[in-house]
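>>> A structural model of the following input is requested.
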Amino acid sequence: MIGIQLAGKNNRIAASVFIRSINSFWDLIKDVDSTISNRATGSVRWEIASLQKNSPALVEFAGTSRIEKMDYSQAIQDSILDGIDKLTEGPEQPQFYSYSALRKLRRMADQAKHLKWLSIVAGTRRAVLTDRVFANIEYIIATGSKSLGSVRGSLDSLTVHAGHEFKIWSAKTKRPIICHFEKTMLPEVIEHLKQQVEVFGELHRNPKGEPVIIRVDQFTALEPAKTVPSIHDICGMIPDLYGGKSLKGYLEELRNE
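Numbers count the residues shown, from 1 in each chain. Just a heads-up that it's a prediction; the model follows:
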């Protein structure tokens with residue numbers, strides 16, 4: 001199990017801080033899940049395992065794999081805590097944290113400023129979100145670059161409840177690229193879900209030069225790879241190849257010429 005623990009100042013927690021923190025934590029779990037499993041919809045079904053309302057409040061989630069003979073739930077929990085430990089040490093992007101995961105953890109660290117403390121717990125491990133974590137994430141985001149550019153990949157994971165965005169998976173970095181688009185493009189985006197596309201727009205890169213976010217101006221659906229037709233497919237394409245004769249008769253006629 002993995003959980004979020006919030007200790008309020010004077011043992012009280014503002015409802016807005018609690019809700020924002022839980023939502024961001026839930027989004028972080030799903031983001032790290034999709035990055036580790038390389039599945040846009042994630043690989044684990046998460047359920048609330050326990051609730052504790054007194055300060056410090058605690059909400060714990062237990063995961064059940066949706067993939068037969070493959071369970072990433074422990075790896076997801078370890079990666080989330082490892083990532084917080086790494087960001088406590090310095091401004092270096094953790095292995096399984098996408099750019100969007102960093103933004104979600106930053107929101108949690110920002111909410112922690114309104115609390116006595118906020119931590120993530122899993123078993124005997126505990127990682128506290130400090131001002132240092134917030135500052136290191138800010139540095140990673142601020143030291144990136146942006147320019148006009150394009151990316152290619154599968155158009156996946158459409159989201160419309162908090163702005164309009166979809167994800168493209170980078171074959172090079174194995175991380176999703178967040179694609180923001182205008183509402184007017186929604187019908188076109190829906191039409192090309194799960195297809196390979198090339199997206200053009202303002203491209204934001206992290207300090208390593210890897211693309212992480214693009215504000216989409218336009219995108220083009222890429223043609224599927226062409227395949228060689230089978231014998232069955234080409235059979236009968238030229239209906240009168242032998243001049244109305246059988247193949248045997250046609251070959252005998254050629255020999256007599």
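>>> could you list the low-pLDDT ranges of the stretch 101-250 of the chain?
Counting by pLDDT under 70, the stretch 101-250 of the chain contains low-confidence ranges at 161-162, 171, 223-250.
>>> which residue ranges of it form strands?
Along the stretch 101-250 of the chain, the stretches classed as strands by DSSP state E, counting those that start in this stretch are 117-122, 125-128, 145-159, 165-169, 176-180, 196-205, 211-221.
>>> okay if I get those as a markdown table plus mean neighbour count?
Where you see a C-beta, it was placed from the backbone N, CA and C, and this is true even at glycine. As requested, the strands of the stretch 101-250 of the chain are exported to a markdown table (neighbours: other CB atoms under 10 Å):
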| stretch | mean neighbour count |
| --- | --- |
| strand 117-122 | 20 |
| strand 125-128 | 16 |
| strand 145-159 | 15 |
| strand 165-169 | 22 |
| strand 176-180 | 22 |
| strand 196-205 | 18 |
| strand 211-221 | 19 |
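>>> output these in JSON lines, with distance to Ser24 appended to each entry.
Supplementary listing: the strands of the stretch 101-250 of the chain in JSON lines, determined by distance: least, CB to CB, whole Å:
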{"stretch": "strand 117-122", "distance to Ser24": "10"}
{"stretch": "strand 125-128", "distance to Ser24": "15"}
{"stretch": "strand 145-159", "distance to Ser24": "15"}
{"stretch": "strand 165-169", "distance to Ser24": "16"}
{"stretch": "strand 176-180", "distance to Ser24": "15"}
{"stretch": "strand 196-205", "distance to Ser24": "20"}
{"stretch": "strand 211-221", "distance to Ser24": "18"}
